[in-house]
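Colleague: My questions are about this predicted structure, shown below with the sequence.
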Amino acid sequence: RKEVEQDPGPFNVPEGATVAFNCTYSNSASQSFFWYRQDCRKEPKLLMSVYSSGNEDGRFTAQLNRASQYISLLIRDSKLSDSATYLCVVMGGFKTIFGAGTRLFVKA
Amino acid sequence: EAGVVQSPRYKIIEKKQPVAFWCNPISGHNTLYWYLQNLGQGPELLIRYENEEAVDDSQLPKDRFSAERLKGVDSTLKIQPAELGDSAVYLCASSPSDGDNEQFFGPGTRLTVL
């Protein structure tokens, strides 16, 4: 079993749709969690950090469930420009583990 | 402010040849990471530096890979000899302080081993 697992997708959704991604992790001692966005042939960029209390940034909401060891990302009112790969990242004890990424295609 | 700089951007070599990648992190960033990314996969950590100290190199294949960050600023990653399976994008990232913070990535070096 991989230490960090994501549904690879792809998710194909129409503009305006709501889409949710989950990411599970195996190390219960993990301390920090993030979502990164990666466009095709570009480097990853931070989308948002994930806090225990959950956090929201515009159309994006991230949540952490430590008991079940997963993090989630919700995108509301999808835009064409949201098409990308979304990577979850789990950190702790100098370890950094990226998920394989979930591909999202938003179509007109 | 300049971002993370990597060179070269592309490199094509024949197997068994050596290759080196260079990274200059964002000024003031103490933490530096080297990752390998294969197509359709997430980045895989090779080594993490805090200043000049390698705090995690457990995933670095030490028989052929080496890295250094002698003055705690820029860093080089070397492969000798390269194998066909080393073809990938090598990403460098930096973050401003110790701990688990946002990482800023460079554009990467795309390596092709023939």
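Modeller: Happy to help now that I have it.
Colleague: what's the closest non-adjacent residue to the most centrally placed residue in chain B?
Modeller: Nearest residue to the geometric centre of chain B (Cα atoms, centre = their mean): B:Trp34, 3.0 Å. Excluding the flanking residues, the one nearest B:Trp34 by Cβ to Cβ, 6 or more residues apart in numbering or on different chains is B:Leu46, at 4.5 Å. In short, each C-beta sits where N, CA and C put it, glycine included.
Colleague: Pretty sure the one you found sits against B:Asp57.
Modeller: Yes: contact criterion Cβ atoms under 8 Å: B:Leu46 and B:Asp57 qualify, at 7.5 Å.
Colleague: picking up where we left off before, which residues sit against the helix or strand that the residue nearest to B:Trp34 is a member of?
Modeller: Taking DSSP states H and E as the criterion, B:Leu46 maps to strand B:44-50. For strand B:44-50, the surrounding residues in contact (Cβ atoms under 8 Å, 6 or more residues apart in numbering or on different chains) are A:94-98, B:30-38, B:54-57, B:59-60, B:65, B:67, B:69, B:72, B:75, B:77, B:98.
Colleague: and those, which of them are in helices?
Modeller: Counting by DSSP state H, no part of those is found in helices.
Colleague: how many neighbours does A:Lys42 have?
Modeller: 13 (other Cβ atoms under 10 Å in any protein chain shown).
Colleague: Give me the phi and psi angles of it.
Modeller: When read as degrees, to the nearest 10, the backbone of A:Lys42 gives phi -120, psi 170.
Colleague: host element of A:Leu104?
Modeller: strand A:102-107.
Colleague: Would you mind checking the average pLDDT for that strand?
Modeller: Average pLDDT, strand A:102-107: 97.
Colleague: Quick check: B:Gly108 vs A:Glu56, distance?
Modeller: Separation of B:Gly108 from A:Glu56 (Cβ to Cβ, to the nearest Å) stands at 31 Å.
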